[in-house]
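**Q** what shape does this take:
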Amino acid sequence: MPKLTVGVLLFDGYTIMDVAGPLQLFDMLPDVFDTVTISQHRGTMWTNPPMAGTPMVASHSFESAPRIDILLLPGGLGTDVFAKDPAYLAFVRARAESATFILSVCTGSSFLAASGLLDGKRATTNKLAFQHIQSFGSSAIQWVKQARWVVDGNIWTSSGVTAGIDMAAAFLTTLVGTERVKPILEVIEYVPSTNESHDPFSYLTEHDHWAAITQAP
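**A** Next comes the predicted model:
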């Protein structure tokens with residue numbers, strides 16, 4: 001079987017665990033996956049821009065990116081800016097159309113909501129930002145509070161940050177089987193949640209915490 005290309009969308013203000021968590025699992029299947037990192041322009045993206053926090057290099061620009069089989073959309077404070085950027089939304093729409101699977105972690109679901117790709121679908125997102133993220137999309141989206149991750153067709157959306165690892169483990173299990181995923185989880189010493197319908201942080205959806213997070217020093 002030809003290898004699958006995982007394309008990770010990067011932007012200033014991304015959350016490092018949203019990227020590193022799922023990729024740790026994908027990277028341990030080098031016979032199955034190749035990974036590319038993509039941003040509007042090649043170069044370094046920062047978790048706390050400008051030029052602060054943890055850097056990660058986008059290996060490809062929107063124009064130079066290869067065909068993507070699996071599109072991975074991380075979250076982070078930067079989604080407030082880039083999930084409203086026409087260039088980013090156009091890229092997400094175009095690549096989602098040709099990709100086999102689309103995965104979002106945390107507030108990365110805002111890219112899908114703003115692109116109209118979640119209309120008529122079930123989805124979830126970071127519970128601290130649950131109310132805020134709904135403002136990116138239409139009322140046609142069915143946001144699920146009590147979910148660690150949600151699968152609707154070829155779109156997988158996870159709750160906040162570490163939920164992306166749980167979702168990735170479940171996704172890989174459906175793709176390559178338990179016999180390939182179990183040894184990986186043993187190597188990284190991680191026991192993922194296997195109940196997609198249970199999120200211990202769902203109580204956080206009762207209030208909109210996003211403003212407090214973005215204004216924190």
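**Q** what about the helices in this structure?
**A** Taking DSSP state H to define them, one finds helices in the chain at 16-27, 79-82, 86-98, 109-114, 130-133, 163-176, 178-187, 210-214.
**Q** ok, which of those comes nearest Gln142?
**A** helix 109-114 (11.5 Å; C-beta to C-beta). In short, each C-beta sits where N, CA and C put it, glycine included.
**Q** measure Asp119 to Glu206 for me?
**A** Shown here: Asp119 relative to Glu206, a distance of 26 Å by C-beta to C-beta, to the nearest Å.
**Q** same question but for Ala168, I mixed them up
**A** In terms of C-beta to C-beta, Ala168 sits 28 Å off from Glu206.
**Q** more crowded one of those two?
**A** More crowded of Ala168 and Glu206, by other C-beta atoms under 10 Å: Ala168, with 24 against 11.
**Q** residues contacting the more buried one?
**A** By C-beta atoms under 8 Å, 6 or more residues apart in numbering, the contact set of Ala168 is 21-22, 25-26, 103.
**Q** what's the closest residue to Leu89 other than its chain neighbours in contact with, if anything?
**A** Distances taken as C-beta to C-beta, 6 or more residues apart in numbering place Ser115 nearest to Leu89, at 5.0 Å, with adjacent residues excluded. Listed by C-beta under 8 Å, 6+ apart, the contact partners of Ser115 are 89, 92-93, 96.
**Q** got CSV for those, with neighbour count and distance to Gly160 too?
**A** Shown next, in CSV, are the contacts of Ser115 (neighbours: other C-beta atoms under 10 Å; distance: C-beta to C-beta, whole Å):
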residue, neighbour count, distance to Gly160
Leu89, 18, 22
Val92, 25, 20
Arg93, 15, 24
Ala96, 19, 22
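**Q** please name the nearest non-neighbouring residue to Leu4.
**A** Leu4 sits nearest to Asp69 (C-beta to C-beta, 6+ apart), 4.1 Å away.
**Q** right, and that neighbour touches Phe101 too?
**A** Yes - here Asp69 reaches Phe101: they are 7.2 Å apart, a contact under C-beta atoms under 8 Å.
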